[in-house]
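> sequence and predicted structure below; questions after.
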Amino acid sequence: MQTNIEDVAKLAGVSIATVSRTFKHPDLVAEKTKNKVTAAAKELDFSISRSASVFQTGQTYRIAMLNNDRSSTWFNAQVYEGLNSVFQPAGYDIAFYQILSSDERHAFFENLPIRRNVDAVIVTSFDINRDEAPRLHSMNVPITGINAIPEDAFSASISVDDLGAMQLITKHLISIGHKDIVFITFPFFPKISGMLRFSAMLRQEGFKNACKEAGINPVVIDIPNDEHIVDSALAKLFALDHMPTAICCQQDSLAVPLMARLRQFGYRVPEDISIVGFDDIDYASQVGLTTVHQNPKEMGATIAQSTLQLLNGEKTSIKHETLDPQIVFRTSTAPPRKE
């Protein structure tokens, strides 16, 4: 006969409720009682299944993390680590969902109320439709965002100021004398049906704004976001009438290898070309890249705390927070060389 919770309670000499609490919220149980229950459960080879917990409490103890990119990217891995640092001690698992189009996103929000397989949804880096959120809000399923848009569609959100940060770092290049500046980005197609919109789109706008204020004609190069990004960037740079004196990269994952490849072709950084990035990934400091700093691990932990507060029916410590830009000045920028 299969062991049940009543058997564990009888052997441990406690109530069924105490056994349940020991498995679900061990922090609320006295150490002596907890030891008795776990010893009894071990002796009887008993465990409380997730499905039983869902049936009894209506909670899955699972959080959905929605992203459009691989879970192994620097940003996603850092966000996950931050989320997990808060959710794991609280007894929650994180389920990763890759969303590649607005149709997939819509299907997720349509099916979630039927499946009811997560307790909260965290969206990272892309947009949601305001019409998709109310149904989940009515079911007490919080929707929170990290670098996600529009912020007022979320129960709580935290973001880097993509536009202001890129505008600020472009102004740095202009302030030290650069007028021939190129921005390298991955193409976005927000007007095409089915395409997601991303917070990083605002970085190009910030670059253009800074150039416009300085009376500089902004030059933007689009390259595909694939395994050949550096080769694509070099091909388009070499196709220009002349090499720029400075390059703004949409993110460090392009800027860091681009610095190395330019040096292979005889270009000195920063003597011949200054380069800036965005993110401040681990390798940025090692190669001396001037960049915009963001801390996705910390952002993940912050939004996880807010999500738990919402799940507990509490007010969040943040509602919609936009972090001030942080520029890290290193050795990849210098005044342009005088001819």
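Yes, it's here. Residues are numbered from 1 along each chain as shown.

> secondary structure element for T22?
Using DSSP states H and E, T22 sits within helix 16-24.

> next, count neighbours for E271.
Other residues lying near E271 total 11 when counted by other Cβ atoms under 10 Å. From N, CA and C alone the C-beta is placed, and that goes for glycine too.

> would you map the helices across the stretch 1-150 of the chain?
5-12, 16-24, 31-44, 50-57, 74-87, 102-115, 134-138 (DSSP state H, counting those that start in this stretch).

> what's the most buried one of these?
Highest mean neighbour count of these: helix 74-87, a mean of 20 (counted as mean count of other Cβ atoms under 10 Å).

> residues touching A165, list them.
By Cβ atoms under 8 Å, 6 or more residues apart in numbering, A165 lies in contact with R203, G206, F278, V292, P325, Q326, I327.

> circling back to that earlier point, closest to I223 out of the helices of the stretch 1-150 of the chain?
Closest of these to I223 is helix 74-87, at 18.5 Å (criterion: Cβ to Cβ).

> helices and strands around that closest one, which ones?
strand 62-67, strand 93-98, strand 120-124, helix 296-311 (3 or more Cβ pairs under 8 Å, 6 or more residues apart in numbering; DSSP states H and E).

> mind giving me the packing neighbours of whatever helix or strand comes next after the longest one?
In other words, helix 296-311. Heading C-terminal from helix 296-311, the first helix or strand you meet, by DSSP H and E, is strand 320-323. Using 3+ Cβ pairs under 8 Å, 6+ apart as the contact test, the elements touching strand 320-323 are strand 156-160.

> name the residues that touch the strand it packs on?
For strand 156-160, contacts defined as Cβ under 8 Å, 6+ apart pick out 142, 144-149, 151, 199, 292, 294, 299, 302-303, 306-307, 310, 316, 318-323, 325.

> can you list the low-confidence ranges for the protein?
Segments of the chain classed as low confidence (criterion: pLDDT under 70) are 1-3, 24-25, 27, 46-58, 113-115, 188-194, 339.

> what about S285, how many residues nearby?
If we define neighbours as other Cβ under 10 Å, then S285 has 12 of them.

> same check on the one 10 residues further on?
With neighbours defined by other Cβ under 10 Å, the count for N295 comes to 16.

> swap in K212?
Residues contacting K212 under the criterion other Cβ under 10 Å number 11.

> F109 is in contact with R135, correct?
Yes - counting by Cβ atoms under 8 Å, R135 touches F109, with 7.2 Å between them.

> residue ranges of the helices in the stretch 151-300 of the chain, please?
Under DSSP H, counting those that start in this stretch, the stretch 151-300 of the chain gives helices at 162-175, 201-213, 229-238, 252-264, 282-287, 296-311.

> just to revisit the earlier point, could you turn the buried ones of the contacts of A165 into a PyMOL selection?
Of the contacts of A165, the buried ones go into a single PyMOL selection, burial set by 16 or more other Cβ atoms under 10 Å:
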select buried, resi 203+206+278+292+325+327
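
> who's T322 bridged to?
Beta bridges link T322 to S159, judged by DSSP bridges.

> do me a favour and get the end-to-end distance for stretch 274-284?
14 Å (Cα to Cα, to the nearest Å).

> stretch 8-16 now?
End-to-end span of stretch 8-16 (Cα to Cα): 8 Å.

> outside of that stretch, which residues touch it?
Taking Cβ under 8 Å, 6+ apart as the rule, stretch 8-16 contacts 5-6, 18-19, 33, 36-37, 39-41, 43-44, 46.
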